[in-house]
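Student: starting from these lines, generate the structure:
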Amino acid sequence: MPAHWIIDVAVGAVVTLPCGESVDRDAFYAWLWEVAVGLVGIDEGSLTVGEATAHGLVDTVLVIDSAAAPADRDWVAGLDMAQAACWFADEDSSTAAASLLAAVRGCHVRGMRMDVPGDDDARWHNTFSPIDVPGFGVVRPAWDAGHALATAESTTIFIEPGVGFGTGLHETTQLCLAALHAWRARGGRLDRVLDFGSGSGILGIAAAVCGARHVDAVEVDMLVHEAIRANAGRNGVAERVRVWPTPPADAGPYDLVLANIVAPVLLEHAAMLCAKLGATADIVLSGLQAADVEAAADRYAALLGRRPHVATRGEWWCLTFAGGERPAGGPAIQ
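Tutor: Coordinates of the predicted model:
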């Protein structure tokens, strides 16, 4: 019998799909069935009555069947964050799905593993390889040996895969990392950096490794704050990365703002983000698809008085509004 590959995920009660639509957990699973190639099953697990009581979903453990929820009581559905295992027919399908899931806010990929006898942490670790990011360097799994390092040619950082958005695999993250490297290569100031929609902390941590002395990593999902701090510690920059649920009111001006998040959030917070820019600062917007670009470009251009320069990878777009020298790469949007 061939081995299956499993992606372990934590799914919030409400998630935001890559298109920007917010849906409940059941609708998310229905969406995943439609778009994920090679998906053969989703196991949402179950709760015993004791576990349900501990979560505040049941008033008492004194029920007839203490092993599982009655048919009319879906205790798993009541969890703010539920654990599920998504089964795939092969490794290629699971890898593609992991990239897809990385773009879903409120869904955190906890790991990918092969369903074989004797599976252990070492085998799970072997499913993750270093990721070469063109225009930036290498993102290595947190358990690899070595130290974070930034040179003029390349940067190496270490990230725990599957904890918060941003492992280096998704194109939106890669676009931001490349923009960071380009900013540094041009001699851009890296004293204060804002990483808005931080996820795993990868962008802010990369900025700190590249020399930023103060990074504010803003992530609304409190569940991944400790993971951001752990990733910062693994890269030796814990003292320079502060984690917040919302942007600190007294922070700024920033020399560089990196915002890798869905288009509706970029539009909603445009005025706040632009207000925090220093006079020569760049702001980098990613998480955009083609249909989002015009609205985002117009909104930020109206606030900043300049048009963005564009870069693309796959179906994803990145807009850089340069405060100083014109960035290398794509043309400006007129």
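Student: what does stretch 147-155 rub up against?
Tutor: With C-beta atoms under 8 Å, 6 or more residues apart in numbering as the test, stretch 147-155 has contacts from 136-138, 156-158, 177, 181, 184-185, 205-206, 209-211, 234-237. From N, CA and C alone the C-beta is placed, and that goes for glycine too.
Student: and that stretch, what's buried?
Tutor: For stretch 147-155, burial by neighbour count (16 or more other C-beta atoms under 10 Å) applies to 148, 150, 155.
Student: from those residues, pick the one nearest L223.
Tutor: The shortest approach to L223 among these belongs to A148, at 24.3 Å (C-beta to C-beta).
Student: state the distance from the closest one to G188.
Tutor: From A148 over to G188 the distance is 20 Å, taken as C-beta to C-beta, to the nearest Å.
Student: list the contacts for V220?
Tutor: Going by C-beta under 8 Å, 6+ apart, V220 touches 197, 245-246.
Student: if you could redo that for T173, that was the one I meant.
Tutor: For T173, the contact set (C-beta under 8 Å, 6+ apart) comprises 102, 165-167, 202-203, 260, 286.
Student: repeat the analysis, applying 6 Å as the threshold.
Tutor: If you count contacts by C-beta atoms under 6 Å, 6 or more residues apart in numbering, T173 has them with G166.
Student: do the same with A178
Tutor: For A178, the contact set (C-beta under 6 Å, 6+ apart) comprises 135-136.
Student: now do D43
Tutor: D43 makes contact with A85, according to C-beta under 6 Å, 6+ apart.
Student: tell me the phi and psi of it?
Tutor: Main-chain dihedrals, D43, degrees, to the nearest 10: phi -110, psi 110.
Student: quick check: pLDDT value at it.
Tutor: With respect to pLDDT, D43 scores 85.
Student: where's H181, which helix or strand?
Tutor: If you go by DSSP states H and E, H181 is part of helix 171-185.
Student: pull out the buried residues from that helix.
Tutor: For helix 171-185, a neighbour-count test (16+ other C-beta under 10 Å) marks 171-184 as buried.
Student: quick check: angle from the helix or strand just after it to helix 171-185?
Tutor: Heading C-terminal from helix 171-185, the first helix or strand you meet, by DSSP H and E, is strand 192-196. Angle of strand 192-196 versus helix 171-185, following axes from the mean of the first three to the mean of the last three C-alpha atoms, to 10 degrees, is 170 degrees.
Student: which residues sit against strand 192-196?
Tutor: Residues outside strand 192-196 that contact it (C-beta under 6 Å, 6+ apart): 203-204, 207, 212, 214-218, 254-259.
Student: nearest to A77, of the residues you listed?
Tutor: Nearest member of the contacts of strand 192-196 to A77, counting by C-beta to C-beta, is V218, at 30.0 Å.
Student: so what pairs up with the closest one in the strands?
Tutor: F196, W244 (DSSP bridges).
Student: tell me who's in contact with it.
Tutor: V218 sits next to 196, 198, 244, 247 when contact means C-beta under 6 Å, 6+ apart.
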